[in-house]
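Trainee: Structural data only, the sequence is not supplied:
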């Protein structure tokens with residue numbers, strides 16, 4: 001079998017996970033190969049033309065803080081930016097960009113092409129060569145060419161044995177009418193890697209001229225949009241596109257019920273498990289029969305195309321039924337479908353077979369990220385991608401691999417949920433999944449993660465200098481505010497204008513800023529205090545002060561969990577030898593081999609009593625953790 005010049009890291013798949021993984025590995029000095037079935041699929045958006053959203057926007061900013069590319073590309077290709085959840089607390093505010101999907105692909109592809117140490121190769125990888133010690137040796141394509149490498153990252157997305165369904169007809173296909181990966185699944189199974197089937201779907205694309213926008217509700221971008229990237233200037237985004245909201249009707253729902261027998265989901269043709277939090281329209285109608293309408297978000301896929309994307313209206317019903325459904329909706333009476341909606345079924349793993357590093361248990365140098373790990377969404381994929389790129393390169397270099405904690409980030413929460421709990425349907429990030437969400441604001445992602453990105457060589461000297469200066473300005477402002485007291489005569493006029501009660505004696509400035517009606521930047525101007533804050537820094541000062549007491553309460557509630565994080569379990573522990581553990585706990589712990597008691601406590605079937613027994617056993621053996 002012919003051999004080719006060896007690589008340090010081979011990344012299989014060039015979607016959002018694969019791109020972040022390959023770029024992180026290459027930037028860290030490893031010779032990296034990025035394999036893709038088609039160069040036209042690099043950074044492709046086969047489904048919704050957007051980046052960010054509720055909780056997902058947090059992930060994008062965390063990726064950017066670590067030194068990833070998704071935030072930068074999202075800003076560069078943004079055609080509308082909105083901050084979601086503004087009616088709620090700032091910890092759940094989350095940016096979302098409508099993106100030009102073709103421009104995004106082009107932008108990402110150009111970055112990959114211009115990155116040192118990164119080689120892009122269009123081919124289908126059919127096998128991973130692993131030696132008798134379960135150590136990665138090479139990847140092999142369908143034509144038999146061998147690419148020697150030290151580490152492999154599988155980011156196959158929805159390509160593995162992909163089957164696209166429209167009605168009861170299924171065809172072998174990857175997303176966006178691309179070729180599927182037909183060979184890799186069988187060879188992974190030969191290596192005792194267990195696979196299962198998941199399903200996702202995408203709505204129609206329709207011609208914009210066929211929509212009556214006068215009867216739809218418009219959605220405009222923010223007047224002063226917040227970029228994703230911490231390095232982007234406020235005001236640098238394009239914000240030209242308008243989105244719209246339509247609603248299904250009782251007639252729409254009746255058409256679906258009358259034709260449900262033609263849905264591959266309900267006729268038993270599709271066996272893969274679909275996403276719980278982004279179901280098809282037929283799922284919505286059947287599962288929520290009392291709902292008289294469901295929202296449809298009409299979104300442009302770019303500024304130079306007439307294609308409009310129908311967010312919230314994915315289906316696998318036949319094309320003639322799709323036309324009936326759409327034309328039953330006000331404003332869509334003359335709809336012209338350009339690309340029919342479809343469901344796609346694909347192979348993936350149960351992520352409990354992975355370590356927190358996203359390396360496979362029992363293998364050396366084999367990693368995985370993205371929808372192959374059972375997640376849904378571009379942002380979840382990219383978040384895993386940057387971590388696995390760091391870790392595959394760290395493995396090659398003999399460095400310590402990165403394992404983010406739940407307290408540090410939504411990325412840490414995402415990975416911990418996957419590898420300790422697994423997922424029975426495509427996993428979607430939500431703010432409610434984190435017990436530390438008050439302190440995991442999108443605005444402070446750089447404070448939390450940029451030092452880690454710097455440690456792993458993904459943050460440039462110029463960016464690090466700008467970051468440290470920013471942190472110093474914020475810290476100085478917070479410290480000074482806490483030391484400053486103000487007299488009634490200096491602030492009462494402002495307080496009355498705010499609609500809050502005046503003060504009668506000297507009061508600490510931070511106590512006033514904690515009042516809901518008081519705006520930090522405004523009261524600092526009234527007092528003539530200038531800390532040289534820039535951009536969103538004054539808002540971050542305000543958030544730190546206003547949230548301080550709530551975060552302290554949150555941390556106090558979670559202190560027990562933090563303590564458990566530091567009580568490590570030996571890698572070679574035989575849980576059958578720990579007397580008193582339930583049989584279910586023995587089975588689950590032995591299967592997932594958690595690294596510490598906190599991870600063990602989050603495994604389904606492991607009770608608090610089991611954790612207490614493990615703690616007693618560790619202490620009796622003289623093992624007290626870190």
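Mentor: It's in. Given the structure is predicted, the values throughout are model-derived calculations rather than measurements.
Trainee: Helices of the stretch 501-626 of the chain, start to end?
Mentor: For the stretch 501-626 of the chain, the helices defined by DSSP state H, counting those that start in this stretch occupy 509-513, 520-526, 537-557, 559-565, 583-592, 597-601, 608-620.
Trainee: domains in the chain, as residue ranges please.
Mentor: For the chain, automatic domain parsing gives the domain ranges 7-197+349-455, 205-345, 474-553, 559-619.
Trainee: Relative to residue 468, which of these is closest?
Mentor: domain 7-197+349-455 (9.2 Å; Cβ to Cβ). Yep, even glycine has a C-beta here, placed from its N, CA and C like the rest.
Trainee: what is the mean pLDDT for the closest one?
Mentor: Average pLDDT, domain 7-197+349-455: 96.
Trainee: Give me the phi and psi for residue 136.
Mentor: phi -60, psi 140 (degrees, to the nearest 10).
Trainee: beta partners of it?
Mentor: residue 130 (DSSP bridges).
Trainee: ok now do it, which residues does it touch?
Mentor: Residues near residue 136 by Cβ atoms under 8 Å, 6 or more residues apart in numbering: 128-130, 149-152, 363-366.
Trainee: Repeat the analysis, applying 7 Å as the threshold.
Mentor: 128, 130, 149-152, 364-366 (Cβ atoms under 7 Å, 6 or more residues apart in numbering).
Trainee: List the residues that contact the nearest residue to residue 24 once chain neighbours are set aside.
Mentor: In space, and not counting its chain neighbours, residue 24 is closest to residue 389: 3.0 Å by Cβ to Cβ, 6 or more residues apart in numbering. Residue 389 sits next to 20-25 when contact means Cβ under 7 Å, 6+ apart.
Trainee: Grab the longest strand from this protein for me.
Mentor: For the chain, the strand that runs over the most residues, judged by DSSP state E, is strand 146-154.
Trainee: Past that strand, which element shows up next along the chain?
Mentor: Sequence-wise, the next helix or strand downstream of strand 146-154 (DSSP states H and E) is strand 163-166.
Trainee: which stretches of the stretch 251-400 of the chain form helices?
Mentor: Using DSSP H, counting those that start in this stretch, helices in the stretch 251-400 of the chain cover 281-287, 319-327, 378-397.
Trainee: Could you grab the helix/strand/coil label for residue 404?
Mentor: Put simply, residue 404 is coil when judged by DSSP: H, G, I helix; E, B strand; the rest coil.
Trainee: give me the element residue 61 is part of.
Mentor: Going by DSSP H and E, residue 61 is part of helix 56-66.
Trainee: which among the contacts of residue 136 end up buried?
Mentor: Those of the contacts of residue 136 that meet the buried threshold are 128, 130, 149-152, 365-366, by 16 or more other Cβ atoms under 10 Å.
Trainee: and residue 458, which of the three is it?
Mentor: Secondary structure, three-state DSSP: residue 458 is coil.
Trainee: Spit out the contact partners of it.
Mentor: Per Cβ under 7 Å, 6+ apart, neighbours of residue 458: 24, 27, 66-67.
Trainee: what do you get for residue 281?
Mentor: Shown in contact with residue 281 (Cβ under 7 Å, 6+ apart): 256, 294, 313-315.
Trainee: Now tabulate the residues you listed in a markdown table and tack on pLDDT.
Mentor: Output for the contacts of residue 281, formatted as a markdown table (pLDDT from 0 to 100):
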| residue | pLDDT |
| --- | --- |
| 256 | 94 |
| 294 | 96 |
| 313 | 94 |
| 314 | 93 |
| 315 | 93 |
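Trainee: Would you format these as a markdown table with distance to residue 222 and neighbour count included?
Mentor: Formatted as a markdown table, the contacts of residue 281 follow (distance: Cβ to Cβ, whole Å; neighbours: other Cβ atoms under 10 Å):
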| residue | distance to residue 222 | neighbour count |
| --- | --- | --- |
| 256 | 35 | 24 |
| 294 | 25 | 17 |
| 313 | 25 | 27 |
| 314 | 27 | 25 |
| 315 | 31 | 27 |
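Trainee: Can you give me the distance of the residue nearest to residue 24 to residue 132?
Mentor: Separation of residue 389 from residue 132 (Cβ to Cβ, to the nearest Å): 28 Å.
Trainee: Leaving out chain neighbours, which residue sits closest to residue 508?
Mentor: Nearest residue to residue 508, sequence neighbours excluded (Cβ to Cβ, 6+ apart): residue 485, at 5.5 Å.
Trainee: With residue 30 instead?
Mentor: residue 8 (3.8 Å).
Trainee: ok, that neighbour touching residue 28?
Mentor: No - applying Cβ atoms under 7 Å, one finds residue 8 not in contact with residue 28, separated by 9.5 Å.
Trainee: And the pLDDT at residue 2?
Mentor: If you check residue 2, the pLDDT there is 55.
Trainee: Quick test: name the residue nearest the centre of this structure.
Mentor: The centre of the chain sits closest to residue 380, judged by Cα atoms, centre = their mean, with a distance of 2.3 Å.
Trainee: Identify the residues contacting that residue.
Mentor: Applying Cβ under 7 Å, 6+ apart to residue 380 gives the contacts 59, 414, 427, 429.
Trainee: Of all pairs in the contacts of residue 458, which one is the farthest apart?
Mentor: Longest span within the contacts of residue 458, Cβ to Cβ: 27 and 66, 11.1 Å.
Trainee: And those two? Which one has more around it.
Mentor: Counted by other Cβ atoms under 10 Å, residue 27 and residue 66 do not tie: residue 66 has more neighbours, with 30 against 24.
Trainee: just to revisit the earlier point, dump the domains of the chain to JSON lines, plus distance to residue 464.
Mentor: Listed next are the domains of the chain as JSON lines, based on distance: least, Cβ to Cβ, whole Å:
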{"stretch": "domain 7-197+349-455", "distance to residue 464": "5"}
{"stretch": "domain 205-345", "distance to residue 464": "11"}
{"stretch": "domain 474-553", "distance to residue 464": "16"}
{"stretch": "domain 559-619", "distance to residue 464": "28"}
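Trainee: Mind checking those domains for the one nearest to residue 465?
Mentor: domain 7-197+349-455 (10.8 Å).
Trainee: Kindly check the end-to-end length of the closest one for me.
Mentor: End-to-end span of domain 7-197+349-455 (Cα to Cα, to the nearest Å): 23 Å.
Trainee: cool, stretch 263-274 as well?
Mentor: End-to-end distance (Cα to Cα), stretch 263-274: 14 Å.
Trainee: which residues touch it?
Mentor: 165, 167-168, 170, 197-200, 260-261, 280, 282, 316-317, 343, 345, 424-425.
Trainee: for it, which positions count as buried?
Mentor: The neighbour-count check on stretch 263-274 (16+ other Cβ under 10 Å) flags 263-266, 269-270, 272-274 as buried.
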